[in-house]
Every structure is written in C-alpha cells, then in structure tokens.
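Chemist: With the input below, show me the fold.
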Amino acid sequence: MQSEPPTKPTSNRLLVIAIAVIAAGGLAFFAYQFFFGKHEAFVPDKNEPLPVAVVSIVKKTLFRDDQLPGEIQAYQDVKVYPKVPGFIKWIGVDRGSIVKKGQLMITMYAPEYDSRRNEAAAKVAAAKAQLASGQSKLESARARWREAKAKLTGDDSTYVRLKAASLVPGVVATNDVIVLGQVVDADKQAVSTWESNIAAADHEVSALKDTVTAAQKSLDDYSDFASYLELRAPFNGYITERNMHVGSFVGPLGSGAYSEICRIQQLDLLRIVSPVPERDTAGVLPGATVEFSVSTFPDKRFKGTIARIGNYLNVSTRTEPVELSYNNPDYKILPGMFCKVYWPTRRPSPTLFVPISAVVATALETFICKVKDGKIDWVKVQKGQTMDNLVEIFGDVKEGDLVAKTGSEELQEGTAVKPIAQTPSLEPEPKRETYHMPAQ
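Modeler: Below you'll find the model as predicted:
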C-alpha cells in the first residue's frame, strides 16, 4: 500500500491572521479618536480675551496698631554712695522702705575727720600768726620811715639857714656847712631805704593774707565734711536694694571699689521706653496717649503719654527711642516687667491701597497689572505699609483704576483680558481709641 503525502499550510490560515491584525488596528484607531481626538477640538482660540478677576484701587487712611517691645524703668533711679569714705554708724531704711525727699537715711562716722580738721585749724592759726608778724613789721617800717622823714626835714632846714649865714664872712665856718650838707644827704638815703622796706613788708603781708584765706577755705571744707556724713533721700521714692549694714566701710568711688549702700527708685511715675521703627517716627506726637500691657496683667491695657522723644535713630536697629510716662501711684507696674506697646501707626492723609496679592515683586522691579482698554499694562509702584489684607502703593495710578486681583508675571503686557469685577475684601475701619491727639 502507498502512504499519503503530508498536509501543506493553506492560504485560509494566513487570511485569518491578516484579518485579525487589521481588526486590532482598527480598534486602536477608533479608541484613540474617541479618547484624544475630541479634546483637540476644544483648544481655545488664542485671540479670545483671557478672563481676569480685577479690583479697583481704593483710597483709605492708614491706621493700625503695631505691637512693639517696651522697657519699663523707674522715672528716677539712684544708687546711694557717700561723698567721703567712712563707716556706717546708723541706717534707717531697708528694702521696701518708702522715703520722702530730704529724709535722713544713713549716718556715718570717719575716725580721721577730727585729726584732719584740727590740722587744718592749726594751719589757719599759724598763717594768721605769720600775718600778724608781717603786719607788725610793716607798721615798724612805717614808723622808722616817719622818724627818718622828720629828721631829714629838720636837718635840711638847718642846712639851708646855715648856708645862708655862711655868705657873711666870719659868721659860720665853711667846714660846718659841708658837714651839715652830708648829714642831709644821709637823711635822704635813710628815708629812701625805709620806703623800700615798707614796700617789701606790704608785699609780704599780702602774701600772708592769701595764705590765711587758703587755710581758712580748707578748714571750711572740713566743716562741710560733717554734712557729708549724713545721707538723705534725694526724692520721694522706694528703697529697692540695700547692700550695706551698720559697721560697713563705704566710699565714694562706686562700683569696682565699693558697692552702693542702697538704691532708691521713684515708682509712682514710670518711663516706658519703646523703639519706634523709622517708618513710623513721623507719627510721634508729644502728649499723645498710647496703650501698653504687661505680662502680670495680660487681660488689661494701661495708657501712657508720649513725654520724651529721642530725636535720633539707632544705626543698628533703625529705630527711635520714645518714652511714655505712666502714673503709677499704687505700684501695680514695676520696673523690669515685660511690656508690649500697642503703637498706633497712621498716615495724616489718605493713600491708595490694593490687595497684597495684586503687587508683583521681582528682583528687578515691583509692579501691578493694571487693566486699561481691555489689556494688561505693567505699572511700576512702590510698596508702602500694610493694613489688614491691603498694601499701600505709590506710583502712576489713581483711585478707581482696575488692577488684576492676583498679579503675575504670566500676565504679560499687552495681553487682551476680559475683566471680571470683584469687590475687594475691605473691612470698615474700626473705631480706635488707643491714640489720642494732643491739644494743639
């Protein structure tokens, strides 16, 4: 028997494979058209204006309260030192004592005081004795001068008469006239000598008078020394420190040599010192009322009055120190307490404001996206201070101009836009009573 030949692949199987491939490709094409082709049909027209939310530039008066740190100080604060070294004999105050101006607080004693005063008194007595001796010499010289003057007068008168008589021959010997003339010359020399002695004695007396005056001044200083041994309160205040006791040796040289005996502070009137930023210094007005709070009474605000202005700026912080005065008769507020000052920041006249989001700040410029004639116009501005959700702007803009509420560099100049007006979030200005203008 003869076997049958092997079966060969037929064209039907190839046809089936081709149909399957074609079908799969068609399904993929229709699927792509269904999911992606229809989105391409909704691409917006680039010439159509872009919708942009806009707000109007508004004019308002800047008025807000800034919290600034404050330092509470006593109005007067004195560390008590003696004027002269010595020992404390009695001290009548201690920490917590209330004192009145002029009240005796401390008495001292200085062992060397009596000896130094006696020495000064002895110098005064010695100077006065020398002065008396000099005055006596002066009077003696004047007496001798008067005697010499009288003798000169008599001898000169005799000489004149004798000389006249010698003109008659044989009446007076010529030698007698010559001798008497020499006596007159000697008298004149004696008078001149005593005049010189008087001048020298008078000069010596003047010098001794100056010595007596200086010695007396030194003695008077030691007399004042007694008052230095009593220390009195320089003002009404409160003793906040006491560092010395009876028997302690103290001196006037201050810290580094001796500690202060005690410290007195005026607490019924306080200073609240606050550093006001440079941008707010124009609003500092003496007499205005400003509120502050302390951590001891966190739910209460106190009112102080602007009393003193530094009139200079701290170079490192660019702030001006401003002092408030606060009457504190019950001592509720104490120096050193942590303090917050609610500083009122305000402008004297209204300025222009936009939402903070409307201002675009780049490394090169600061601008807003102003909408003018349906197109974006970049306007350079300078930012001022903020108030709530708004910020001051200064530039070529005016009240009522429309700006993009949210500015962006993507809103290029000249871009056509469709403004969508929105009401800016502007809360009404609250009533504020924390800043009272002083009477003009």
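Chemist: C-alpha from now on. contacts and neighbour counts both.
Modeler: Noted.
Chemist: Quick check: which ranges of the stretch 1-150 of the chain have low pLDDT?
Modeler: 1-16, 18, 20-21, 23-47 (pLDDT under 70).
Chemist: One more: the stretch 151-300 of the chain?
Modeler: With pLDDT under 70 as the threshold, the stretch 151-300 of the chain has low-confidence stretches at 170-171, 254-256.
Chemist: show me the contacts for the closest residue to Leu229 other than its chain neighbours.
Modeler: Of all residues beyond its chain neighbours, the one nearest Leu229 is Met108 (4.8 Å), with distances taken as Cα to Cα, 6 or more residues apart in numbering. Under the criterion of Cα atoms under 8 Å, 6 or more residues apart in numbering, the neighbours of Met108 are 86-90, 229-230.
Chemist: Is Met108 in a helix, a strand, or coil?
Modeler: Per DSSP: H, G, I helix; E, B strand; the rest coil, the secondary structure class of Met108 is strand.
Chemist: who does it bridge with?
Modeler: With beta bridges defined as DSSP bridges, Met108 has these partners: Ile88.
Chemist: This protein: helices as residue ranges?
Modeler: Assigned by DSSP state H, the chain shows helices spanning 11-32, 38-40, 112-165, 174-228.
Chemist: could I get those as a markdown table with distance to Val403 and mean neighbour count?
Modeler: Output for the helices of the chain, formatted as a markdown table (distance: least, Cα to Cα, whole Å; neighbours: other Cα atoms under 10 Å):
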| stretch | distance to Val403 | mean neighbour count |
| --- | --- | --- |
| helix 11-32 | 43 | 11 |
| helix 38-40 | 33 | 10 |
| helix 112-165 | 86 | 16 |
| helix 174-228 | 76 | 16 |
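Chemist: need the ones you listed in JSON lines with distance to Phe338, can you?
Modeler: What follows is the helices of the chain, written out as JSON lines (distance: least, Cα to Cα, whole Å):
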{"stretch": "helix 11-32", "distance to Phe338": "72"}
{"stretch": "helix 38-40", "distance to Phe338": "65"}
{"stretch": "helix 112-165", "distance to Phe338": "47"}
{"stretch": "helix 174-228", "distance to Phe338": "39"}
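Chemist: ok so, going back, which of the contacts of Met108 count as buried?
Modeler: When neighbours are counted using 16 or more other Cα atoms under 10 Å, these contain these buried positions: 86-89, 229-230.
Chemist: now, which of those residues sits nearest Met244?
Modeler: Taking Cα to Cα as the measure, Met244 sits nearest to Ile88 out of those, at 8.2 Å.
Chemist: Please tell me I have it right and that closest one contacts Ile261.
Modeler: No. At 9.2 Å, Ile88 does not count as touching Ile261 under the criterion of Cα atoms under 8 Å.
Chemist: Let's see the pLDDT reported for the spatially most central residue of the chain.
Modeler: A centroid search over the chain (Cα atoms, centre = their mean) returns Gly310, at 5.2 Å, as the residue closest to the centre. Gly310 is assigned 86 on the pLDDT scale.
Chemist: Against Pro51, how distant is it?
Modeler: 53 Å (Cα to Cα, to the nearest Å).
Chemist: ditto for Pro275
Modeler: Separation of Pro275 from Pro51 (Cα to Cα): 47 Å.
Chemist: Of those two, which one has the most company?
Modeler: Just comparing Pro275 and Pro51: by other Cα atoms under 10 Å the higher neighbour count belongs to Pro275, 21 against 11.
Chemist: Skip the chain neighbours and tell me the closest residue to the more buried one.
Modeler: Once flanking residues are discounted, Pro275 sits nearest to Pro321: 4.6 Å by Cα to Cα, 6+ apart.
Chemist: again with Tyr159
Modeler: With Cα to Cα, 6+ apart as the measure, Leu180 is the residue that lies nearest to Tyr159, at 5.9 Å, once sequence neighbours are left out.
Chemist: Repeat that for Ile106.
Modeler: For Ile106, the closest residue by Cα to Cα, 6+ apart turns out to be Ile91, at 4.4 Å.
Chemist: Next, count neighbours for that neighbour.
Modeler: A count of neighbours around Ile91, defined by other Cα under 10 Å, yields 19.
Chemist: residue contacts, it?
Modeler: 105-107, 245-246.
Chemist: Closest to Asn314 out of the residues you listed?
Modeler: When the contacts of Ile91 are compared for distance to Asn314, the smallest value, 39.5 Å, is given by Met105; criterion: Cα to Cα.
Chemist: Distance-wise, check the closest one relative to Tyr222.
Modeler: Met105 is 22 Å from Tyr222, where distance means Cα to Cα.
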